[in-house]
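Novice: structure for the following, please:
(one chain, ligands or ions: 2)
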Amino acid sequence: MIRIAIQSKGRLNEDSCALLKDAGITVDEVKRKFLGKAADFPLETLYLRDDDIPEVVADGSSDIGIVGLNEVGETGADVTIVRKLGFGRCRISLAIPKNEEYTGPQWFEGKSIATSYPKILGDYLAKNKVNATVRVIKGSVEIAPAAGIADAIFDIVSSGGTLVSNGLKEVERVFESEAVLIANKNITPEKQELLDNILFRFDSVSESRDMKYILMNLPSDKVGEALSILPAMRSPTVMPLAAEGWCSLHSVVKAEDLWDKIMQLKKIGAEGILVLNVDKVIA
Ligand code: ATP
Ligand code: MG
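Specialist: Ligands and ions are numbered 1, 2, ... in the order given. Predicted coordinates:
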């Protein structure tokens, strides 16, 4: 049995449960539960506030956990970062009132900065030899300058919309974050085996999320050109069609390249293009 700590509610809860589910590990999504058990894998779930996850994994109360890299950085917990998971992307940035002229990190000298991330901010200030007062606020950090609580803020930004609506501008991107899978440093061999199994599943899920399966009809004399557009895992599959001079071509493409490839394929005469989601990629 291996135990995983995940956020009980909040931004990472849904994606964490979805990742486990796609990996064939069905966990309870009941929000107010503390401990749960997967129906189809020897795994226990511990639902916690995200702030508590790094320490709980570091001290072995949980073997592994899913949490934002920002929380790992802020707690300084001694854990292994096993995988970046590609969701919950955000950054922690310094922002100042939009009418101020920004002159570089020295702008913050002698100023006060409101944040929920005093450790990461303290490290940044020390590195840049800036003396500033750090005011720890747990929520609604972005209103601090307008409320006269601080001159600037150090807070999570994803689109930047919250900053703009509070009359602030982002001036330094200090810490890039996304959800990560973390593990205790002294995991037993039995648990390591379960973790390896989970990792194998996570990797095939994340690879499949990046891929699309594409099928199309193509004039047979264009197959050579199509092959140069579509480098597949091995090579695309080409099958003759009943109609003389035409074939059907199947391949896998990276989701980010999809539209670019489709335009190129249309140019060489591809028709009836179908794009399907890939459920799993097993290398
Ligand atoms: P908890 O009640 O568990 O302490 P919280 O209020 O501290 O939750 P959430 O707002 O749910 O935290 O955010 C959880 C994590 O999601 C953050 O630590 C960060 O890694 C990531 N995150 C936060 N804000 C954003 C955002 N705007 N876009 C993307 N990811 C974000
Ligand atoms: Mg929290």
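Novice: hey, where'd the strands end up in the stretch 101-250 of the chain?
Specialist: Secondary structure of the stretch 101-250 of the chain (DSSP state E, counting those that start in this stretch): strands located at 112-115, 133-136, 152-157, 168-177, 179-183, 211-219, 237-240, 246-254.
Novice: quick check: residue 23 touching residue 199?
Specialist: No: using CB atoms under 8 Å, residue 23 is not in contact with residue 199, being 9.5 Å away. Backbone N, C-alpha and C define where each C-beta goes, glycine included.
Novice: quick one on the thing from earlier: just so I know, which of the strands of the stretch 101-250 of the chain lies nearest ligand 2?
Specialist: Nearest to ligand 2 among those is strand 152-157 (10.5 Å), distances taken as CB to the ion.
Novice: just checking: what are the partner strands of that closest one?
Specialist: Sheet partners assigned to strand 152-157 using DSSP bridges are listed as strand 90-97 (antiparallel), strand 112-115 (parallel).
Novice: and that strand, anywhere near ligand 1?
Specialist: Yes: contact of strand 152-157 with ligand 1 (CB under 6 Å from any ligand atom) involves residue 156.
Novice: how far off centre is that strand?
Specialist: Distance, stretch centre to chain centre, for strand 152-157: 20 Å (CA atoms, centre = their mean, to the nearest Å).
Novice: still on that earlier bit, among residue 23 and residue 199, which residue is more densely surrounded?
Specialist: residue 23 (20 against 16; other CB atoms under 10 Å).
Novice: contact residues of the stretch 101-250 of the chain facing ligand 1?
Specialist: Contact residues (CB under 6 Å from any ligand atom) of the stretch 101-250 of the chain with ligand 1: 156, 158, 177.
Novice: at 5 Å instead, please
Specialist: When proximity is defined as CB under 5 Å from any ligand atom, the stretch 101-250 of the chain approaches ligand 1 at 156, 158.
Novice: returning to that earlier point: could you dump the strands of the stretch 101-250 of the chain to JSON lines with mean pLDDT, mean neighbour count and distance to residue 96?
Specialist: Listed next are the strands of the stretch 101-250 of the chain as JSON lines, based on pLDDT from 0 to 100; neighbours: other CB atoms under 10 Å; distance: least, CB to CB, whole Å:
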{"stretch": "strand 112-115", "mean pLDDT": "98", "mean neighbour count": "22", "distance to residue 96": "9"}
{"stretch": "strand 133-136", "mean pLDDT": "97", "mean neighbour count": "14", "distance to residue 96": "15"}
{"stretch": "strand 152-157", "mean pLDDT": "96", "mean neighbour count": "24", "distance to residue 96": "5"}
{"stretch": "strand 168-177", "mean pLDDT": "97", "mean neighbour count": "18", "distance to residue 96": "6"}
{"stretch": "strand 179-183", "mean pLDDT": "98", "mean neighbour count": "25", "distance to residue 96": "28"}
{"stretch": "strand 211-219", "mean pLDDT": "94", "mean neighbour count": "18", "distance to residue 96": "42"}
{"stretch": "strand 237-240", "mean pLDDT": "92", "mean neighbour count": "12", "distance to residue 96": "56"}
{"stretch": "strand 246-254", "mean pLDDT": "94", "mean neighbour count": "18", "distance to residue 96": "39"}
